[in-house]
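1. curious how this folds, go ahead:
(one chain, ligands or ions: 1)
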Amino acid sequence: MPAELIDGKAIAATIRGEIRDAVAKRTASGLRPPGLAVILVGENPASQSYVRSKGKACREAGFHSVQIDRPATITEAELLALVDECNNDAAIDGILVQLPLPRHIDESRVIDRIDPRKDVDGFHPVSVGNLVLDKPGFISCTPKGIQELLVRSGVETKGKFAVIVGRSNIVGKPMAALLMRKGRGGDATVCVCHSATPDLAAVTRQADILIAAVGRAEVIDGSMLKPGAVVIDVGINRVEDPAAAKGYRIVGDVAFDSASAVASKITPVPGGVGPMTIAMLLQNTLESAVQHDTAE
Ligand code: GUN
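-> Numbering: from 1, shown residues only. Here you go, the predicted structure:
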């Protein structure tokens, strides 16, 4: 029997509905809507598409949504000044600088400049530190969305062996921290694999929960899974396909057909993790607005 699909699109739609209702209640009681500023530098088509989706989701949820476009020739100093403006704007609760940035700009310097109270991406060192130390703070949207997917799909994490393939700052590292936290969606035993792991399949075959965040098309297949494993595919990879309308197809880091013959549950690509990332961005921004209300 093929694996059950974990429908990220449907779960994200439910969460976005919950957020829309909460925003409507806020504004009905005279509070301002949550505000998100998204800064897009340059003309990377994938980034443009992600930013468009984020703006649309914000507007649908009733947020105050600002998109700030700048050319790839912007200097680092100009970009830092723009972040400062957003830091000082009382209508803005969350700031997202879309990555990657052009090579002449130091990404970490830009992220460090975001006020941690507005760091709804959860990339600032203060946010990452808070996550690891189990203190309140913003959690990176993709791992937070994956945890929510697992919980809302009835996947028990407590006592399970979770294997994460990929050690990025955005997914792998915060995912490991979240799954090993105490409580809901946590209490797992976690292993992080990466490019220097000698026998990847020997590790992935032990996983009750396998999270693939490598950024390479279909590198995990059914032969690398334990029967009944839960598989979460974070990858969004373009592969050329002359038969496809756009000349390419989007596939994950997991070879879907072969994995779904072995797994018990699996996320599709697209329609799995991706929609959850946006839902968590909205949730973080709403949380930030609530914190700013009480701080005024
Ligand atoms: N680029 C790809 N994904 C993301 C994300 O979640 N946040 C930001 N800021 N940039 C990205």
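2. and the residue of the chain at minimum distance from the ligand, how far is that from Val41?
-> Closest to the ligand within the chain is Leu99: 3.7 Å, counting by CB to the nearest ligand atom. To be clear about C-beta, it is placed using only N, CA and C from the backbone, and glycine gets the same treatment. In this view, Leu99 and Val41 are 9 Å apart by CB to CB, to the nearest Å.
3. neighbour count for those two, which is higher?
-> Shown here are Leu99 and Val41; by other CB atoms under 10 Å, Val41 has more neighbours (24 against 15).
4. now that one: phi and psi?
-> phi -110, psi 130 (degrees, to the nearest 10).
5. residues contacting it?
-> 70-72, 74, 79, 97-98, 101-102, 105 (CB atoms under 8 Å, 6 or more residues apart in numbering).
6. partners of it in the sheet?
-> Beta-bridge pairing of Val41 under DSSP bridges involves Arg70.
7. host element of the residue nearest the centre of the chain?
-> Taking CA atoms, centre = their mean, the centroid of the chain lies closest to Thr142, which sits 1.8 Å from it. Assigned by DSSP states H and E, Thr142 belongs to helix 141-152.
8. pLDDT on that helix, on average?
-> The average pLDDT for helix 141-152 rounds to 98.
9. give the buried residues for it.
-> If you call a residue buried by 16 or more other CB atoms under 10 Å, then helix 141-152 has these buried ones: 141-150, 152.
10. contacts for that helix?
-> Here helix 141-152 makes contact (CB under 8 Å, 6+ apart) with 6, 8, 11-12, 14-15, 120-122, 157, 170-171, 174-175, 178-179, 184-186, 209, 211, 213, 230, 232, 234, 267, 272-273, 276-281, 283-284.
11. just stretch 185-198 next, same as before
-> Residues contacting stretch 185-198 (CB under 8 Å, 6+ apart): 147-148, 150-151, 157-167, 172-173, 176, 178-181, 200, 203-204, 207, 209.
12. from the contact counts, what lies against the helix or strand hosting Ala162?
-> Assessed by DSSP H and E, Ala162 sits inside strand 161-165. Secondary-structure packing of strand 161-165 (3 or more CB pairs under 8 Å, 6 or more residues apart in numbering; DSSP states H and E): helix 172-180, strand 189-193, helix 200-204, strand 209-212.
13. rerun at 6 Å
-> Counting by 3 or more CB pairs under 6 Å, 6 or more residues apart in numbering; DSSP states H and E, the packing neighbours recorded for strand 161-165 are helix 172-180, strand 189-193, strand 209-212.
14. looking at these, which is buried most?
-> Greatest average neighbour count among the helices and strands packed on strand 161-165 goes to strand 209-212 (a mean of 27), per mean count of other CB atoms under 10 Å.
15. now do the helix or strand that comes right after it: distance to the chain's middle.
-> Using DSSP H and E, the helix or strand that follows strand 209-212 in sequence is strand 230-233. Between the centre of strand 230-233 and the centre of its chain there are 15 Å (CA atoms, centre = their mean, to the nearest Å).
16. quick one: contacts of the following helix or strand past strand 230-233?
-> Toward the C-terminus, strand 230-233 is succeeded by strand 237-240 as the next helix or strand (DSSP H and E). Residues outside strand 237-240 that contact it (CB atoms under 6 Å, 6 or more residues apart in numbering): 217, 248-249, 251.
17. show me the two of these that sit farthest apart.
-> Pairwise distances among those were taken by CB to CB; the largest, 10.8 Å, belongs to Ala217 and Tyr248.
18. shared neighbours of the two, anything?
-> Between them, Ala217 and Tyr248 share no contacting residue, judged by CB under 6 Å, 6+ apart.
19. ok, and the closest non-adjacent residue to Asn169?
-> Take Asn169 and drop its neighbours on the chain: the residue closest to it by CB to CB, 6 or more residues apart in numbering is Phe123, 7.1 Å away.
20. so the one you found sits in a strand?
-> No - if the criterion is DSSP: H, G, I helix; E, B strand; the rest coil, then Phe123 is coil and not within a strand.
21. what distance do you get for Thr294 to Ile111?
-> When Thr294 is compared with Ile111 (using CB to CB), they lie 26 Å apart.
22. sounds good, over and out.
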